[in-house]
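Asker: Provided below for reference: sequence and predicted model.
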Amino acid sequence: MELNPKPIYGNWAHGWALDRHTLSSRPGDGERSKYDRFATERSEIGEALYRLKYRLDRGQIEPIARAAAEFVCNRLEFAAIHAVLPVPPSNMDRAFQPVVELAAAIGAGLSLPAPDDYLLKVKATPALKNMEDTRERRAELDNAFAVADSRYAGMHLLLFDDLFRSGETLKAATAALLFAGRAGSVSVLTATYTRSRS
């Protein structure tokens with residue numbers, strides 16, 4: 001899978017997004033579904049992620065996870081990672097959780113644990129993708145995450161999410177890992193990134 005990685009910055013030690021999500025978008029006919037309202041060209045990994053999340057194509061898990069694991073293996077700053085942690089899902093109504101499954105597959109590719117019972121979402125938040133104001137996002141995410149225990153105290157953790165936009169969710173999750181979980185350091189990896197409008 002061809003990637004165009006971009007560094008992403010926040011309260012974490014190192015951060016990367018593997019590629020842009022959307023390359024171009026124009027009005028479409030919307031005949032088949034609400035997702036066809038725009039004719040959208042995506043990066044290779046962006047298209048794979050779209051198919052996984054919105055077409056429920058689980059066959060996309062392996063190529064996305066393989067690309068992510070290969071990227072991590074080739075970056076010196078990720079050499080001492082102890083676990084891959086998925087950002088907990090906001091939408092619990094999904095038939096399956098793409099970020100959780102991707103993190104598990106990335107962890108398997110790296111021979112690392114990828115527990116979904118360590119970093120926890122403890123506060124309900126609205127769909128942040130519809131919230132443009134960064135300050136509103138930050139306020140909604142205040143105290144939204146907790147950790148189950150201190151099993152990763154002092155260790156370097158890789159936090160994984162599917163999409164980087166404003167970074168507020170990743171910042172809140174990183175803060176929980178550093179302060180409540182006493183992680184030694186946290187690095188961040190996302191499959192794609194998109195432009196924040198605020």
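Answerer: Nice, I can see it. Numbering: from 1, shown residues only.
Asker: skipping adjacent residues, who's closest to Ala175 in space?
Answerer: Using C-beta to C-beta, 6 or more residues apart in numbering and skipping residues adjacent in sequence, the residue nearest Ala175 is Asn11, 6.3 Å away. For the C-beta atoms, the positions are set from N, CA and C on the backbone; glycine is no exception.
Asker: and that neighbour, how many neighbours?
Answerer: 15 (other C-beta atoms under 10 Å).
Asker: any idea how far Val72 lies from Leu52?
Answerer: As judged by C-beta to C-beta, to the nearest Å, Val72 and Leu52 stand 19 Å apart.
Asker: what does Asp117 give?
Answerer: 22 Å.
Asker: neighbour count: the two, which is higher?
Answerer: Neighbour count, other C-beta under 10 Å: between Asp117 and Leu52, Leu52 has more, with 23 against 8.
Asker: the more buried one reaches Ile64, doesn't it?
Answerer: Yes: between Leu52 and Ile64 there is a contact under C-beta atoms under 8 Å: 7.0 Å.
Asker: so what sits against both of these two?
Answerer: Leu102 (C-beta atoms under 8 Å, 6 or more residues apart in numbering).
Asker: now for this protein, the helix or strand with the poorest mean pLDDT.
Answerer: Least confident helix or strand of the chain, by mean pLDDT, DSSP states H and E, is helix 134-141 with a mean of 70.
Asker: residues in contact with the helix or strand that that helix is followed by?
Answerer: Next in sequence after helix 134-141, counting helices and strands by DSSP states H and E, comes strand 145-147. Taking contacts as C-beta under 8 Å, 6+ apart, the residues outside strand 145-147 that touch it are 88, 118-123, 172-173, 175-177, 180-181.
Asker: let's have these in TSV, adding distance to Thr194, neighbour count and pLDDT.
Answerer: TSV is the format used below for the contacts of strand 145-147 (distance: C-beta to C-beta, whole Å; neighbours: other C-beta atoms under 10 Å; pLDDT from 0 to 100):
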residue	distance to Thr194	neighbour count	pLDDT
Pro88	20	22	93
Tyr118	27	20	97
Leu119	23	24	97
Leu120	26	15	94
Lys121	22	19	91
Val122	27	11	87
Lys123	24	13	78
Ala172	18	23	95
Ala173	18	26	96
Ala175	22	20	96
Ala176	24	22	97
Leu177	24	23	98
Ala180	29	16	96
Gly181	28	25	97
